[in-house]
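Colleague: quick one: sequence plus predicted model below, questions after.
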Amino acid sequence: MKSTYFLDAMRSQEKWRMEECINLMPSENQTSPQARALLSADFVNRYTLPINAEYAGDYMENSYRGTKITTDVELKAEEVAKEVFKSKYACVQPLSGHIAAMIAIVSTTKRGDRMCAISEQFGGYDGYGPKYIPDILGLESSMLPFDPEVWNLDSEAAAAQILKERPKLVILGASLILFPYDMGPVKEACEKVGSTLVYDGSHVMGFIAGGEFQKPLKSGADILYGSTHKSFPGPQGGIMLTDSKEMDAAIRKNLTWRVVDNVHWNRVASLGQVLLEMQKFGPAYAKQIAKNSKRLGKELKERGIPVMFEDLGFSDSHQLLMDRKELRAIYGLSINDFAVRMEKSNLIIDAVGRLGTCEITRMGMKEKHLGELADLFVEAAKGKIVKKRVKALRDQFDMDFRFR
């Protein structure tokens, strides 16, 4: 192997994905150059225990030296997170949304307890299924009622299930989330039986930061957590927020030497930078993502790409969902084959039928650009290679990713 292999791979990756492709993966986004620079700063070299002085005392203060700046970076990032998400408490230590979920679950349950979540059959996170996190932690689990006709939680039926099963923990949120939930009935049922209600905002954290889509903490969630690299345009990682001092204490108790050891300080610094950016650009960015989703759904549907839920406006989030059966009927392709065909023209989508508008919004696309993008989809779907046209469209947008 060449000694420069990984540097060469980096250059090839950046040229392809950042200059030649248009990305519609709903679980990816672009960070700013400033946020990316922080990922390779000296913070990446430092291995320090988190302080959490309020909970840990002097031992943690003195276990590592040379930490005065990383400590301040963590505290400042949490300050900005509280302002952006309008919460009383914030934690930026989780290394991912999955780790944030683990922290929330171990902080609110014990072995033998029951938890409820949305089934992966209806876009729920696979990790909440019986074979995964519940199995590891010795929990019983059940799936909440869901109405696939409107792709949303059946809130009244979910409340009835909570009253019957009396779970210790209820998780709302999904990997395929198109519309906000009616949280009222669920919260009322949780209060009656003493359940903790948490909201996994992994896919919609950018919306929540921008004040759009849903306000989980104001609607009754005890904890809001999620990934920081999907609709939220940050580095890969996790974040946790709450208005409850007791919940914050439980979260902190389950960090060091339980679910978290070292914190990746380059990620925390980068996240802090993006939080500052979202203070300024977040509301306009979140509004534009939703506009782009609705418009792209319309443009694709008019051209014969089978996007679902037209009668509901296609989506209120950064995601659109294609109809797999219709796709096969029209093009003779499975969704995976369709995704492979798109990639041949440098149009990047996932292989489960989701289309995401967060990154194209981040790079500056608006409604007026989406007809041309839809045309490229149709040509690529027919098997034509339209790489040059994709790049020509991509080249209309600069690379500093300032939201305009």
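Modeller: Good, I have the coordinates. Numbering: from 1, shown residues only.
Colleague: from residue 315, how far off is residue 293?
Modeller: Distance of residue 293 to residue 315, given as Cβ to Cβ, to the nearest Å: 4 Å. C-betas here are computed from N, CA, C, even on glycine.
Colleague: tell me where the model's unsure across the protein.
Modeller: Across the chain, the ranges flagged by pLDDT under 70 are 49-63, 399-404.
Colleague: tell me which residues in the helix of greatest length in it are buried?
Modeller: The single longest helix within the chain, with elements called by DSSP state H, is helix 265-302. Neighbour counts over helix 265-302 (16 or more other Cβ atoms under 10 Å) mark 265-278, 281-282, 285-286, 288-290, 292-301 as buried.
Colleague: run the chain-centre distance for that helix.
Modeller: 11 Å (Cα atoms, centre = their mean, to the nearest Å).
Colleague: what packs against the helix or strand immediately after it in the chain?
Modeller: Using DSSP states H and E, the helix or strand that directly follows helix 265-302 along the chain is strand 319-321. For strand 319-321, the packing partners by 3 or more Cβ pairs under 8 Å, 6 or more residues apart in numbering; DSSP states H and E come out as helix 265-302, strand 354-356.
Colleague: got these as CSV, with distance to residue 26 columns?
Modeller: Shown next, in CSV, are the helices and strands packed on strand 319-321 (distance: least, Cβ to Cβ, whole Å):
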stretch, distance to residue 26
helix 265-302, 10
strand 354-356, 3
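Colleague: tell me which of these lies nearest to residue 131.
Modeller: When those are compared by Cβ to Cβ, strand 354-356 sits nearest residue 131, at 22.7 Å.
Colleague: alpha carbons of the next helix or strand after the closest one, as PDB, please.
Modeller: Counting by DSSP H and E, the next helix or strand C-terminal to strand 354-356 is helix 358-362. Output in PDB follows, covering the C-alpha atoms of helix 358-362 (Å, rounded to 0.1, in the frame of the first residue of the first chain):
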ATOM      1  CA  CYS A 358     -31.000  18.900   4.500                       C
ATOM      2  CA  GLU A 359     -27.700  19.000   2.600                       C
ATOM      3  CA  ILE A 360     -29.000  20.600  -0.600                       C
ATOM      4  CA  THR A 361     -30.600  23.300   1.600                       C
ATOM      5  CA  ARG A 362     -27.300  23.800   3.400                       C
END
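Colleague: please enumerate the helices of the stretch 1-150 of the chain.
Modeller: Assigned by DSSP state H, counting those that start in this stretch, the stretch 1-150 of the chain shows helices spanning 5-15, 33-39, 53-56, 58-62, 68-85, 97-108, 133-137.
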